[in-house]
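A.B. asks: requesting a structural model of the entry that follows:
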Amino acid sequence: MAMPAATLDKTPPIQALSGLRFVMSLIVLACHYLPLIAVPPLLKTLLAQGSAAVNCFFMLSGFLLAYNYRDTLASGQLRWRDFMRMRLGRVFPVHLATLALVTPITLYLLDAYPALMARDLAMEVTQAQVAGSWLSNLLLVQVFIPHRLSHIWNGPSWSIGAELFFYLLLPFFARYVLARLNDVRSMARAAAVLFAIQVVAVIATALVIFLLSPPGKGMESRIYHVVYMSPLLRVWEFFLGCVLGTFFLHHQRQGVSPRLTAVLTQAKAHTWALVLVALVALLLALPSPRGFLAGVLQIFRWYVLYTPVCGLLILLLASRRSFVSRLLEHRWMVFMGEASYSLYMIHWLPCVLLVMYKRSGGELAAWWPYASMAGTLVAAVGLFQLVERPARKLLRPGAPAPVPGALLVGRAAE
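C.D. replies: The predicted structure is shown next:
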């Protein structure tokens, strides 16, 4: 039985974060289209770091879920099964719809480009293996299988599988960790510990794979599919987002120290902080020296280096003290932010067709990728209006209306 709206819907919406979600979805979209479009070198370097947007999605998901449900989860008012039913109702309808759309596309690619697919997968695939990989995608457990064959369907859905793993743990994390964070010092300590665990876990995992795997692309692919995609390594940024959401909720309700409050409430301070975030993001995206150091930095660029940057960005925009927040709160930005999950999940379909066509020797007209991206935005709105929104109402009878920005994608995330 779902909790009544009066119990769950206690926090005001943070609409700027919904707009942020749309911006991050656009970054992921542009990143995947990079092989098809011509952009200036600096912009290409920045967009090549689009995988870091998933880092922001995971942290944003944790932030908003803690902001909205920390109290009811920590107290046990919102039961684990009710919380999971709500989350599944948010992610599964669009997942099923996009998987249904991508299935004939992937089967066509396997049949039309067998040499390219076999080269990418480093293996000849059987019908049984294809069926098994499809089933793992249907159940969103492909994220636990470190092989590219598990991701030949709707590539971005791996992050939804990771999100489901996070959801499974969140009620327990809220009850046994977030419930004990009652002051700024304990929250700062928890955030530092979580980030340290993330750093150590990534280094240790990559080192083990490096030592145990023979050199070559197989090792590189294994590091990517484990270090970048494993929910066991990505959960720490989600938890860190939860701690930041708890801090923001605490600040709204009780305030913090006068000095910190002065920083949190000054528009000028927020503007300068956003400029600093932009500069740090630019520096992180710049090419690094070749060799072993470049490989290490690349692994850290996937999300570790961006974790503090994304956390600060979310806090700054949630405060609504800067002009950027006001831009993101525009009604069209908020609407597209609500549709960003659909955008994240559907953008892969036309993109992979164009990429495979180009790799097979086909010539693309310069305007095709841009027309495809524009069409994807329209299709995402349609998917949101025709599938996501109706399914949300159907599968959550009596539940509160979703807070704008509470759904990741991944979404990214949710």
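
A.B. asks: buried residues, the strand or helix carrying Val94. List them.
C.D. replies: Val94 belongs to helix 80-112 when assigned by DSSP states H and E. For helix 80-112, the neighbour count (16 or more other C-beta atoms under 10 Å) marks 82-83, 85-91, 93-95, 97-99, 101-102, 105-106, 109-110 as buried. The way it works is simple: take the backbone N, C-alpha and C, and place the C-beta from them, glycine included.

A.B. asks: elements contacting that helix?
C.D. replies: Under the contact criterion of 3 or more C-beta pairs under 8 Å, 6 or more residues apart in numbering; DSSP states H and E, helix 80-112 touches helix 127-138, helix 158-176, helix 340-346, helix 348-359, helix 368-383, helix 389-395.

A.B. asks: want to throw those helices into a markdown table with distance to Leu316, mean neighbour count and mean pLDDT?
C.D. replies: Output for those, formatted as a markdown table (distance: least, C-beta to C-beta, whole Å; neighbours: other C-beta atoms under 10 Å; pLDDT from 0 to 100):
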| stretch | distance to Leu316 | mean neighbour count | mean pLDDT |
| --- | --- | --- | --- |
| helix 127-138 | 36 | 16 | 92 |
| helix 158-176 | 23 | 21 | 95 |
| helix 340-346 | 20 | 29 | 95 |
| helix 348-359 | 30 | 18 | 90 |
| helix 368-383 | 27 | 16 | 95 |
| helix 389-395 | 29 | 14 | 82 |
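
A.B. asks: Gly245 is nearest to which of the ones you listed?
C.D. replies: Closest to Gly245 of those, according to C-beta to C-beta: helix 158-176, at 10.3 Å.

A.B. asks: next helix or strand past that closest one?
C.D. replies: Helices and strands here follow DSSP H and E; after helix 158-176, the next one along the chain is helix 184-212.

A.B. asks: in that next one, what's buried?
C.D. replies: Judged by neighbour count using 16+ other C-beta under 10 Å, the buried positions of helix 184-212 are 187, 190-191, 194-195, 198, 201-202, 205-206, 209.

A.B. asks: for the protein, give me the ranges with low pLDDT.
C.D. replies: Along the chain, segments meeting pLDDT under 70 span 1-10, 216-218, 255-270, 272, 288-294, 396-414.

A.B. asks: now with 80, please.
C.D. replies: 1-12, 117-124, 213-221, 252-276, 282, 284-296, 320-323, 395-414 (pLDDT under 80).

A.B. asks: ok, Pro231 - contacts?
C.D. replies: 143-144, 161-162, 165-166 (C-beta atoms under 8 Å, 6 or more residues apart in numbering).

A.B. asks: same thing with Met187?
C.D. replies: Going by C-beta under 8 Å, 6+ apart, Met187 touches 181, 243, 246-247, 250.

A.B. asks: repeat that for 6 Å
C.D. replies: Residues in contact with Met187 (C-beta atoms under 6 Å, 6 or more residues apart in numbering) are 181, 243, 247.

A.B. asks: so the second one sits in a helix?
C.D. replies: Yes - under DSSP: H, G, I helix; E, B strand; the rest coil, Val243 falls within a helix.

A.B. asks: and the helix holding Val94, how far out from the chain's middle?
C.D. replies: The chain centroid and the centroid of helix 80-112 are separated by 16 Å under C-alpha atoms, centre = their mean, to the nearest Å.

A.B. asks: before we move on, back to that, format the helices and strands packed on helix 80-112 as CSV; extra columns: distance to Gly76.
C.D. replies: Converted to CSV, the helices and strands packed on helix 80-112 look like this (distance: least, C-beta to C-beta, whole Å):
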stretch, distance to Gly76
helix 127-138, 32
helix 158-176, 7
helix 340-346, 28
helix 348-359, 39
helix 368-383, 35
helix 389-395, 23
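
A.B. asks: cool, thanks, talk later.
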